[in-house]
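> Sequence and predicted structure below; questions after.
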Amino acid sequence: MDFFQLSVWFSTLRWSIASSITILSMFTHSKVLAESLSVAASNNALSQVTAVSQLSDVQSTDWAFQALRSLVERYGCIVGYPDRTFRGNQTLTRYEFAAGLNACLDRINELLAANTSNFIRREDLDQLQRLQEEFAAELATLRGRIESLEVRTATLETAQFSTTTKLRGQVIFAATAGGFQGDRIVDPTNTVLSRKQPNATFIYRAALDLNTSFRGNDTLRILLDVGSDSGTDNTAGLLEPNFGSVLDFSIKPPVSTFGISRAYYTFKPTADLSVSIGANMRLTDYIDTNSYANLSFRDFSTQAFVNNYILFPLFGPVAGAAIAWKPGNGAFSLRAVYGAGNPENPGRQGIITAITPFVRLLYPGATPTAANLGDRGLFGDTFQSSVEAEYAPSKTFALRLQYSGGEVFNNRFDVFGINAELALSPRFALFGRYGYGSYSNTTFGDINPSYWMAGIALPDLLSKGTLAGIAVGQPFITNDIGNGTQTNFEAFYNLPLNDNIQLTPVVQVILNPGNQDGNGTIITGTVRTVFSF
């Protein structure tokens, strides 16, 4: 075999082996592989050996001793670790295989380039040729698979929605019914809300979520959604609209017309700092999260269990900014968010849609033409600033301390909160929230409402992937409003039918609705179905 034939044969062999490497690399990130090869090269320089005897853990009685000896002493393409060990019994990773094979191929290339083909033994080349012939079918299969993958990749690239944007969707259907005890239901001001039992309803929410990345570590989010109504389409929201009994997903979006409910841009100046800026945001997206009580399409549906109810007088669309800092990606996190309730309005007129229902109760004189609404705009009334410090040393425990302050309709408010969760086992967890605040110049005077909720979560109950939960809470505790204290209960069982469909029965019980002990108990049942795509 002359040098030209040897070069051609070796190129064929190298292509065949490279095909194998290509299949392996398809399951790994090229950047990681490159880094691994770089490390291997660095180790090569540090630990190059010229004789097997220099490897402290290789014995002449080892079954692969002769093969290793040939590779080390004749070709110099297999080396040990920096501590002069070979670790022959250690599991071989794809990275190590790629690094070792690359080193041998580079070494043979050097020998060929130096025209030292006589140095390569004929029996070695014959053995390699026999291996190539023996695995010819497998190599042909690999080539076919690569060609097929290239065709499929080209098809996906031409048919994809966008090279930068990911589209996700969600549709919620819910059948709900219920009623109340007694002959009527009144609100905290003794206004009659209903004298007859409400009818069963079928409600929905549909959302399309567009997430665009321009640099890989940033996101431009545009969320389009529509719902059946604004909270009064379900029994709990109709009979108790003020203190968070409504089905949370029925008020997101707040109106029944298709439109934009999120529009913001998030980027990361550093690896542990995230910044969001937007014209349409939700404060609850950044503060007061909880692993077991936060997403009304997955766990609890009662609004007062999804978030600390008094911590967010601004619950709807706001414009502003948020930051999330996790120093060194450790156990501590700090978050802050600012939002203006009517940022596009430079004057004093118009409706502020961002406020939580209880704010309308506290300030009933806040009509669109009222003078006490205050100036609007990005830094005028109504606005809210919130901060949260979190300590989460593991996935099983988290403690969050919170503060919210600002103005609603030109009146000051301040609220302090705490949010905690603890997983005692993979199938049993505890969680809870507490809040204490002050709201000035309300129709009931200066008041200091408090809030609490607590519950248990049961992941994988009866079946893998399920989630069950039970919670109880009192969303608005004050002696200034009503003659009782409302207490909410909810139990749910989330059953995934597959990766894209979840079915969840929900039961709500409300005692002393509207802080009125003369109101009878409200009981509702809901079957929630969520389609995700």
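That came through fine.

> going forward, measure contacts between C-alpha atoms and count neighbours the same way
Will do.

> Count the neighbours of Leu111 for me.
16 (other C-alpha atoms under 10 Å).

> Make sure it is indeed in a strand.
No: counting by DSSP: H, G, I helix; E, B strand; the rest coil, Leu111 is not found in a strand; it is helix.

> secondary structure element for Leu461?
Of the helices and strands defined by DSSP states H and E, none includes Leu461.

> what does Phe431 give?
Element membership of Phe431 [criterion: DSSP H and E] is strand 428-442.

> what's the distance between that strand and the middle of its chain?
24 Å (C-alpha atoms, centre = their mean, to the nearest Å).

> which outside residues touch it?
292-293, 308, 310-311, 362-363, 411-424, 446-459 (C-alpha atoms under 8 Å, 6 or more residues apart in numbering).

> Could you rerun that using 7 Å?
308, 310-311, 362-363, 411-423, 446-459 (C-alpha atoms under 7 Å, 6 or more residues apart in numbering).

> Buried ones among those?
308, 310-311, 362-363, 411-423, 447-459 (16 or more other C-alpha atoms under 10 Å).

> got any ranges where the stretch 101-250 of the chain has weak pLDDT?
Within the stretch 101-250 of the chain, the stretches with pLDDT under 70 are 101-103, 105-106, 112-113, 115-121, 124-125, 127-129, 131-132, 135, 139, 160-161.

> can you give me the helices in it?
122-134, 136-159, 235-239 (DSSP state H, counting those that start in this stretch).

> for the stretch 251-400 of the chain, what spans make up the helices?
In the stretch 251-400 of the chain, the helices defined using DSSP H, counting those that start in this stretch lie at 303-306, 357-362.

> out of these, deepest packed?
Greatest average neighbour count among the helices of the stretch 251-400 of the chain goes to helix 303-306 (a mean of 26), per mean count of other C-alpha atoms under 10 Å.

> what about it, average pLDDT?
Mean per-residue pLDDT for helix 303-306: 97.

> returning to that earlier point: quick one, which of the helices of the stretch 251-400 of the chain is nearest to Val151?
For Val151, the closest of these is helix 303-306, at 46.7 Å, according to C-alpha to C-alpha.

> on that earlier part again, restricted to helices, list the contacts of strand 428-442.
Leu362 (DSSP state H).

> all strands for the stretch 351-500 of the chain, in order.
With strands called from DSSP state E, counting those that start in this stretch, the stretch 351-500 of the chain shows them at 383-394, 397-408, 411-425, 428-442, 445-447, 450-459, 467-477, 487-496.

> Determine which of those strands approaches Pro188 most closely.
Between the strands of the stretch 351-500 of the chain, strand 467-477 lies closest to Pro188; by C-alpha to C-alpha that is 11.1 Å.

> So what touches that closest one?
By C-alpha under 7 Å, 6+ apart, the list of residues contacting strand 467-477 from outside reads 243-244, 304, 309, 449-461, 485-494.

> Using PDB, write out every CA atom in that strand.
C-alpha atoms of strand 467-477 as PDB (Å, rounded to 0.1, in the frame of the first residue of the first chain):
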ATOM      1  CA  LEU A 467     -51.600  17.100  42.600                       C
ATOM      2  CA  ALA A 468     -54.200  17.500  45.400                       C
ATOM      3  CA  GLY A 469     -54.600  20.400  47.800                       C
ATOM      4  CA  ILE A 470     -56.700  21.600  50.700                       C
ATOM      5  CA  ALA A 471     -56.500  25.200  52.000                       C
ATOM      6  CA  VAL A 472     -58.300  27.500  54.400                       C
ATOM      7  CA  GLY A 473     -58.000  31.200  54.900                       C
ATOM      8  CA  GLN A 474     -59.500  34.500  55.900                       C
ATOM      9  CA  PRO A 475     -58.800  37.100  53.100                       C
ATOM     10  CA  PHE A 476     -59.800  40.400  54.800                       C
ATOM     11  CA  ILE A 477     -59.900  40.500  58.600                       C
END
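
> For it, which strands pair with it and how are they oriented?
If you go by DSSP bridges, strand 467-477 pairs up with strand 450-459 (antiparallel), strand 487-496 (antiparallel).

> Tell me which of these lies nearest to Gly339.
Closest of the strands paired with strand 467-477 to Gly339 is strand 450-459, at 22.4 Å (criterion: C-alpha to C-alpha).

> Give me the mean pLDDT for that closest one.
Strand 450-459 shows a mean pLDDT of 98.

> Give me the contact list for it.
Contacts of strand 450-459 (C-alpha under 7 Å, 6+ apart): 292, 305, 310, 427-437, 466-478.

> Domain parsing of the protein, as residue ranges.
3-159, 165-532 (automatic domain parsing).

> centre of the chain versus the last one, how much separation?
The reference is to domain 165-532. Distance, centroid of domain 165-532 to centroid of chain: 18 Å (C-alpha atoms, centre = their mean).

> now swap in stretch 151-161 and tell me
27 Å.

> Dump it to PDB, restricted to CA.
The C-alpha coordinates for stretch 151-161 follow below in PDB (Å, rounded to 0.1, in the frame of the first residue of the first chain):
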ATOM      1  CA  VAL A 151     -33.800  16.400   5.300                       C
ATOM      2  CA  ARG A 152     -36.100  16.600   8.300                       C
ATOM      3  CA  THR A 153     -34.200  19.500   9.800                       C
ATOM      4  CA  ALA A 154     -34.500  21.400   6.500                       C
ATOM      5  CA  THR A 155     -38.200  20.700   6.500                       C
ATOM      6  CA  LEU A 156     -38.600  22.000  10.000                       C
ATOM      7  CA  GLU A 157     -36.600  25.100   9.300                       C
ATOM      8  CA  THR A 158     -38.700  26.000   6.300                       C
ATOM      9  CA  ALA A 159     -42.100  25.300   8.100                       C
ATOM     10  CA  GLN A 160     -41.300  26.700  11.500                       C
ATOM     11  CA  PHE A 161     -43.300  29.500  12.900                       C
END
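
> ok so, going back, are any of the contacts of strand 450-459 buried, and if so which?
So, by 16+ other C-alpha under 10 Å, the buried ones in these are 292, 305, 310, 428-437, 466-478.

> ok so, going back, to Gly182, which of the helices of the stretch 101-250 of the chain lies closest?
helix 235-239 (12.6 Å).

> So what touches that closest one?
Ala177, Gly178, Gly179, Ile185, Leu193, Pro198, Gly231, Thr232, Ser245, Val246, Leu247, Thr524.

> Check the spacing between the closest residue to Gly406 other than its chain neighbours and Phe413 real quick.
Counting by C-alpha to C-alpha, 6 or more residues apart in numbering, Gly406 lies nearest to Gln384, which is 4.6 Å off, once chain neighbours are set aside. Distance of Gln384 to Phe413, computed by C-alpha to C-alpha, to the nearest Å: 9 Å.

> go on, Arg168?
From Arg168 to Phe413 the distance is 37 Å (C-alpha to C-alpha).

> Neighbours of the nearest residue to Val226 once chain neighbours are set aside, how many?
Distances taken as C-alpha to C-alpha, 6+ apart place Phe258 nearest to Val226, at 4.5 Å, with adjacent residues excluded. Other residues within reach of Phe258, judged by other C-alpha under 10 Å, total 13.

> Ok, Glu133 next?
Residues contacting Glu133 under the criterion other C-alpha under 10 Å number 12.

> In contact with it, which residues?
For Glu133, counting by C-alpha under 7 Å, 6+ apart, there are no contacting residues.
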